[in-house]
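Asks: This is the structure alone, sequence omitted:
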């Protein structure tokens, strides 16, 4: 079944271009011009990924990304005419999975979409490493299911993670007690081509800490090692 992409942008030229191009690539595409249209599309259709412009009339892309993240892990690619680092960090902070600056090449957008969909898909083969040690990791009361891409708290409730957060946490869980620098984490987690810049690792670590640490300001599960990187400290049991 073709993936359903929702494009949210108030520029008809942009939505028409993306809709035509992605349609030619075999995707189902819907469009919206604002927050009201986005909510209507999400209520009426099963959407696999949202391409969301940062600057919109009424609610902006940041507010809408927050709205999406309150209810789901639906993948989000942010689109904007801005190119400064601050906007990229803000987009990542609210849960965007990737970021693309206008003007963009259609083939690059397609590559980003395919990359995000691969990362967020719950369907796929098992690696030899997964077969040998199982797909469920338990640490400090937490349960990470790498097959179902699900994180359960010590109380048994599911904790929502974006694709980037999940992949980064998985990289940590697979290498407990080891100092990992940003370059290693880029390669182990989502892949270097999927990150806009290596400092986004810091943003994702901060967000993961807010979700799994008792006190994110004094983390004990993911430690910062000055001038070296990060270290995942708990013992990990696989099953």
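Replies: Good, I have the coordinates. This one's a predicted model, so the numbers in the text were calculated from it and none came from an experiment.
Asks: What is the burial count for the closest residue to residue 62 other than its chain neighbours?
Replies: For residue 62, ignoring the flanking residues on the chain, the nearest one in space by Cβ to Cβ, 6 or more residues apart in numbering is residue 94 at 5.6 Å. Bear in mind the C-beta positions are built from the backbone N, C-alpha and C, glycine included. If you count neighbours by other Cβ atoms under 10 Å, residue 94 ends up with 20.
Asks: again with residue 162
Replies: Residues near residue 162, counting by other Cβ under 10 Å: 24.
Asks: right, and it touches residue 73 too?
Replies: Yes - the pair residue 162 and residue 73 passes the contact test of Cβ atoms under 8 Å, sitting 6.2 Å apart.
Asks: and the strand or helix carrying residue 6, what other elements does it pack with?
Replies: Secondary structure assigned from DSSP states H and E places residue 6 in strand 4-8. With contacts taken as 3 or more Cβ pairs under 8 Å, 6 or more residues apart in numbering; DSSP states H and E, strand 4-8 sits against helix 12-24, strand 28-32, helix 35-44, strand 49-53.
Asks: Buried deepest among those, which one?
Replies: Across the helices and strands packed on strand 4-8, averaging neighbours per residue (mean count of other Cβ atoms under 10 Å) puts strand 49-53 on top, at a mean of 24.
Asks: pLDDT value on residue 195, please?
Replies: Looking at residue 195, its pLDDT reads 47.
Asks: let me redo that: residue 139
Replies: 95.
Asks: so where do the helices sit in this protein?
Replies: Remark: helices assigned in the chain by DSSP state H are 12-24, 35-44, 61-71, 85-93, 106-120, 128-133, 163-173, 182-188, 200-212.
Asks: where among the ones you listed is the average confidence lowest?
Replies: Among these, helix 128-133 scores lowest, with a mean of 44.
Asks: And the closest residue in space to residue 42 that isn't next to it in sequence, how far from residue 189?
Replies: Distances taken as Cβ to Cβ, 6+ apart place residue 6 nearest to residue 42, at 7.3 Å, with adjacent residues excluded. Residue 6 sits 26 Å away from residue 189, going by Cβ to Cβ, to the nearest Å.
Asks: Does residue 64 touch residue 41 like I think?
Replies: No - the criterion here is Cβ under 8 Å, and residue 64 misses it with residue 41 at 11.6 Å.
Asks: Tell me the neighbouring strands of the strand holding residue 6, and mark each as parallel or antiparallel.
Replies: For strand 4-8, the paired strands and their directions (DSSP bridges) read strand 28-32 (parallel), strand 49-53 (parallel).
Asks: In it, which residues are buried?
Replies: Under the neighbour-count criterion of 16 or more other Cβ atoms under 10 Å, strand 4-8 has 5, 6, 7, 8 buried.
Asks: With stretch 172-188 instead?
Replies: 172, 173, 174, 175, 180, 182, 184, 185, 186, 188.
Asks: List the contacts of the third one.
Replies: When you say that, I think you mean residue 174. Residue 174 makes contacts with 137, 188, 236, as judged by Cβ atoms under 8 Å, 6 or more residues apart in numbering.
Asks: In terms of distance to residue 230, which of the residues you listed ranks first?
Replies: residue 188 (11.5 Å; Cβ to Cβ).
Asks: And for the closest one, nearest residue in space, chain neighbours not counted?
Replies: Using Cβ to Cβ, 6+ apart, the nearest residue to residue 188 is residue 171, at 3.9 Å.
Asks: doesn't residue 182 make contact with the one you found?
Replies: No - using Cβ under 8 Å, residue 171 is not in contact with residue 182, being 11.5 Å away.
Asks: and residue 229, what is it in contact with?
Replies: 179, 180, 181, 182, 184, 185.
Asks: Could I get the contacting residues of residue 96?
Replies: When contacts are counted by Cβ under 8 Å, 6+ apart, residue 96 touches 52, 65, 76, 77, 78, 162.
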